[in-house]
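*Asks:* Provided below are the primary sequence and the corresponding predicted coordinates.
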Amino acid sequence: MTHVRCRETDILKAPPCDNIRNSTTRTGCLVTDRNNTMAATTVKMFVALSLVVLVLQGESVEGRSFSIDYDNNTFLKDGKPFRYISGSIHYSRVPRSYWQDRLTKMYAAGLNAIQVYVPWNLHEPKPGKYDFTGNNDIEAFLKMANDTGLLVILRPGPYICAEWDMGGLPSWLMKDNSSIVLRSSDPAYLGPVDTYMAQLLPRIKPLLYNNGGPVITVQVENEYGSFYTCDYDYLRHLRELFLQLLGPDVVLFTTDGWWDGVLKCGTIDGLYTTVDFGPGTDPAGAFHGQRKHQPKGPLVNSEFYTGWLDHWGQPHAHTDKDKVATYLEKMLQMNASVNMYMFEGGTNFGYMNGANGPFKPQPTSYDYDAPLTEAGDPTDKLTTISNVIAKFRQLPPGPVPPATPKAAYGKVQMTFEATVLDKLSDLSPDGPIRADYPITMENMQQSYGFMLYRTTLPAAAKGVKLSVPGIRDRGFVMLDQTPAGILSRNGPMDLNVTVQAGQVLDIVVENQGRINFGRYINDSKGIIANVTLGNDTLRSWDIYSLSIDGALPTMFSRPSNPAVDIDNGLPALSPELQQEVEGIDGQLTNQEKRSAQPQRSRAGQMVPSFYTGKFSIQDTPQDTFLNMKGWTKGQAFVNGFNLGRYWPVEGPQITLYVPASVLKSDNNITLFELEASPCGMSQSDVDCTVEFQDRPIINATVSRRRGEKHDSVSIGSAPPELDAFTAVVSFVSGVVFSVAYPISTVLNIMFS
């Protein structure tokens, strides 16, 4: 079994025992004269303002401390023994408008902490260009957690795994440097790491618990023992860098699997060793592995798996709630600190999903079968877990907040707009880069999405093989704008074609997400090797970076109607009616466009094309789910917001989560369909639609015949035979993982 996931952790490693701070006693000042409310208010305001000043300066707040008591095998919070019961949530996978909703539900379920990853590629998308605003405002998120009453276990990387593109590392690290040794002391890697951490960690320092914030521990790297480099100098460099930027009192830790082979390379002095494992693994045996490398201190499971990740073309993962509860209780009975991964999974909006080796990309949904669904709704699993927590700590008063409202907005008629070839000037306004041989996406200074490679064929040939062994990851081939076939990194990588001299060969390449775990995370995209036709290497390429997200706001905009002129009589027609009746500025009418579908091959493949639709909402927008049944593969946008990838013929995900925050009264939807739409397949437009419904479908069963799905199944309504099938798959997967994961990790290290 290949490594299908990164196990990350958070727990702590403080400085050596002789440097551990003495426990402190919390001191404070209370105004007890109830008659002097003005004086009390003044004092409270003064104390609050003083605290704010100290926090902003990143200085310790008197009476607050977090450390490790090695003699008594426990954490100390303000000098008193402390154990956390935590859950993972990724702010990058949850719309900012729902941060508070998710945090409140986690607190109400009985958690006293959350665990948070920080994706480097989100905050430094281009070298030296930093983004800590909007949904990337990590400081706001951590402050919100603090205000909610939740402590934070922070995992700032630089590598995080997380089923996130390239494990959170920015792809620009590979620009003109394919030989860079990632996650090592290679100066080409460490230089950018130091620069980025100098931007990130000073933002975190004021939010450390000792300084008045919620962050109690900080993880260094992530499951490093599973990586082939085993570079202790790298870990030492990160340890000193974190201490320099966060201060000497911060509790630093590592996370790895519980077996000796990975702990040997994942731990060093000065970083507290924690482990990760899921239900089905004996806690006593796993913690024995921790004790071999961390003889004293608290027991910590930094990633206790409440569910599991999905891959396209495989069944939706499921982990039994009672099994999760049983093993959680076993660990809590041992006084262990536990983080549940995940507690709220969320969504891989846009292009940010990762992939596991050899190449298995993950879908848009990161539901993870977690206690809170992708849309943040409480599940029976949450209730079961909360009942276990109640045996060990008092739950907050009141119930867990209910699910957010969902709406079914019905079907939306879609209209063909243009092919990708029609819109090259919009998608690539700077034009192509010309090169003798293909250039990778990274060397084109593009991180995600799509590229187009174009060349003119020099000679005619009959029945020859067009070979693209460097396709990364999926290629849509056209000859003179006529579909010729589909190439894939997972095969086939070649096509038999008959060509004429002077024909134009176009290959639209999709980056399906970079590998996020294991040796091969330096996963370049685009076409990374030469293309051959028969025995000849094709040269003289025009290479286009396609900026779909950037082009959408104006690519299909309509000119507004002229102002009403009283002297000229009646006002102009509405844009919709005018477009329906006569077209605008020489464009096709809607009716003509619906009949003017892109050309298809005999196999049904079409040129990648854009479709648009409109719908209105009368009341306050609510969450909804976009059902892509009937469509094949592509990218979906609502009001310009990139919902992510759809691939319903592959499954198990059929619907895309649409948060209310991206909706408004009048809405537009754009699809970039790569392979084949349901439009134009009959005389009627009835099938050229998408549907917004109030329930997700992320567990459609995967048929033995590739592409065949039972896509009527939705969460909470699986038929008995599917429940039985899922239970068997879950049980077998759990047993196989428990045995094979440590073995495969060791083999990966041995043969790297």
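*Replies:* Yes, it's here. Residues are numbered from 1 along each chain as shown.
*Asks:* so what's residue 646 closest to, chain neighbours aside?
*Replies:* Excluding its sequence neighbours, the residue lying closest to residue 646 (CB to CB, 6 or more residues apart in numbering) is residue 628, at 4.2 Å. All C-beta spots, glycine's among them, are computed from the backbone N, C-alpha and C.
*Asks:* same question for residue 328.
*Replies:* Going by CB to CB, 6+ apart, residue 328 has residue 388 as its nearest residue, at 5.3 Å.
*Asks:* cool, and residue 403?
*Replies:* Nearest to residue 403 is residue 377, by CB to CB, 6+ apart, at 3.7 Å.
*Asks:* neighbours of that neighbour, just the number please.
*Replies:* Applying other CB atoms under 10 Å, we find 20 residues neighbouring residue 377.
*Asks:* one step back: ok, the residue nearest to residue 328 - contacts?
*Replies:* Residue 388 sits next to 325, 328, 329, 332 when contact means CB atoms under 8 Å, 6 or more residues apart in numbering.
*Asks:* closest one of the residues you listed to residue 287?
*Replies:* Each of the contacts of residue 388 was scored against residue 287 by CB to CB, and residue 332 proved nearest at 12.6 Å.
*Asks:* beyond whatever helix or strand that closest one lives in, next helix or strand please.
*Replies:* Per DSSP states H and E, residue 332 falls inside helix 321-333. Where DSSP H and E defines the elements, the next helix or strand beyond helix 321-333 is strand 337-344.
*Asks:* where does the protein dip in pLDDT?
*Replies:* Per-residue confidence for the chain (pLDDT under 70) gives these ranges: 1-59, 558-596, 681-686, 701-752.
*Asks:* again, only using 90
*Replies:* Residue ranges of the chain with pLDDT under 90: 1-63, 178-179, 556-604, 680-687, 701-752.
*Asks:* could you look up the SS state of the residue nearest to residue 328?
*Replies:* helix (DSSP: H, G, I helix; E, B strand; the rest coil).
*Asks:* against residue 395, how distant is it?
*Replies:* Separation of residue 388 from residue 395 (CB to CB, to the nearest Å): 11 Å.
*Asks:* equivalent analysis for residue 600, please.
*Replies:* Taken as CB to CB, the span from residue 600 to residue 395 is 58 Å.
*Asks:* could you do residue 332 as well?
*Replies:* Note on residue 332: its distance to residue 395, by CB to CB, is 14 Å.
*Asks:* same question for residue 337.
*Replies:* Distance, residue 337 to residue 395, using CB to CB: 18 Å.
*Asks:* and the two? Which one has more around it.
*Replies:* Neighbours per residue (other CB under 10 Å) separate residue 337 from residue 395, with residue 337 holding more: 25 against 16.
*Asks:* contacting residues around the more buried one?
*Replies:* Here residue 337 is in contact with 11, 75, 83, 84, 85, 86, 298, 299, 300, 301 (CB under 8 Å, 6+ apart).
*Asks:* apply 10 Å and report the result again.
*Replies:* 10-12, 74-75, 82-86, 113, 153, 217, 274, 298-302, 331 (CB atoms under 10 Å, 6 or more residues apart in numbering).
*Asks:* same deal with residue 241?
*Replies:* Counted by CB under 10 Å, 6+ apart, residue 241 has contacts 158, 190, 193, 194, 197, 198, 201, 220.
*Asks:* who wins for most neighbours among these?
*Replies:* residue 158 (27 neighbours).
*Asks:* my guess is that residue contacts residue 196, does it?
*Replies:* Yes: taking CB atoms under 10 Å as the definition, residue 158 is a contact partner of residue 196 at 6.9 Å.
*Asks:* mind listing the shared neighbours of these two?
*Replies:* With CB under 10 Å, 6+ apart as the test, residue 158 and residue 196 both reach 120, 170.
*Asks:* what is the burial count for the residue nearest to residue 646?
*Replies:* Neighbours around residue 628, by other CB under 10 Å: 26.
*Asks:* my read is that it contacts residue 654, right?
*Replies:* Yes: contact status for residue 628 versus residue 654: in contact at 6.3 Å, counting by CB under 10 Å.
*Asks:* what do these two both touch?
*Replies:* With CB under 10 Å, 6+ apart, residue 628 and residue 654 have common neighbours 646, 647, 648, 697, 711.
*Asks:* quick one: contacts for residue 92?
*Replies:* Residue 92 neighbours (CB under 10 Å, 6+ apart): 116-119, 121-123, 135-136, 138, 141, 162, 164, 168, 346-349, 352.
*Asks:* biggest separation within the shared contacts of residue 628 and residue 654, which pair?
*Replies:* Of all pairs drawn from these, the greatest distance, 12.9 Å, lies between 647 and 697 (CB to CB).
*Asks:* quickly list what's touching both of the two.
*Replies:* 628, 653, 654.
*Asks:* with distance to residue 411 as added columns, please give those in CSV.
*Replies:* Putting the shared contacts of residue 647 and residue 697 into CSV (distance: CB to CB, whole Å) gives the following:
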residue, distance to residue 411
628, 12
653, 20
654, 15
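*Asks:* and those, which of them are in strands?
*Replies:* In strands, defined here by DSSP state E, there are no members of the shared contacts of residue 647 and residue 697.
*Asks:* nearest to residue 443, of those?
*Replies:* Using CB to CB, the shared contacts of residue 647 and residue 697 come closest to residue 443 at residue 653, 31.9 Å.
*Asks:* now for that closest one: which residues touch it?
*Replies:* Contacts of residue 653 by CB under 10 Å, 6+ apart are 310, 312, 316, 362-365, 367, 374, 628, 644-647, 696-700, 711.
*Asks:* now do the SS call for residue 297.
*Replies:* Per three-state DSSP, residue 297 ends up coil.
*Asks:* neighbours of it, how many?
*Replies:* Neighbours of residue 297 under the rule other CB under 10 Å: 25.
*Asks:* for residue 102, which three-state class applies?
*Replies:* Quick answer, by three-state DSSP: residue 102 is helix.
*Asks:* just checking, it touches residue 346?
*Replies:* Yes: judged on CB under 10 Å, residue 102 makes contact with residue 346 at a distance of 8.4 Å.
*Asks:* out of the two, which sits in the more crowded spot?
*Replies:* residue 346 (26 against 23).
*Asks:* check the gap between the closest residue to the more buried one other than its chain neighbours and residue 365 for me.
*Replies:* Nearest residue to residue 346 in three dimensions, chain neighbours excluded: residue 93, at 2.8 Å (CB to CB, 6+ apart). With distances taken as CB to CB, residue 93 is found 10 Å from residue 365.
*Asks:* need the residues touching each of the two.
*Replies:* Shared contacts of residue 93 and residue 365, defined by CB under 10 Å, 6+ apart, are found at 345, 346, 347, 348, 374.
*Asks:* so which of those belong to strands?
*Replies:* Going by DSSP E, the strands hold none of the shared contacts of residue 93 and residue 365.
*Asks:* need the residues you listed in a markdown table with distance to residue 604, can you?
*Replies:* Listed next are the shared contacts of residue 93 and residue 365 as a markdown table, based on distance: CB to CB, whole Å:
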| residue | distance to residue 604 |
| --- | --- |
| 345 | 34 |
| 346 | 34 |
| 347 | 30 |
| 348 | 28 |
| 374 | 31 |
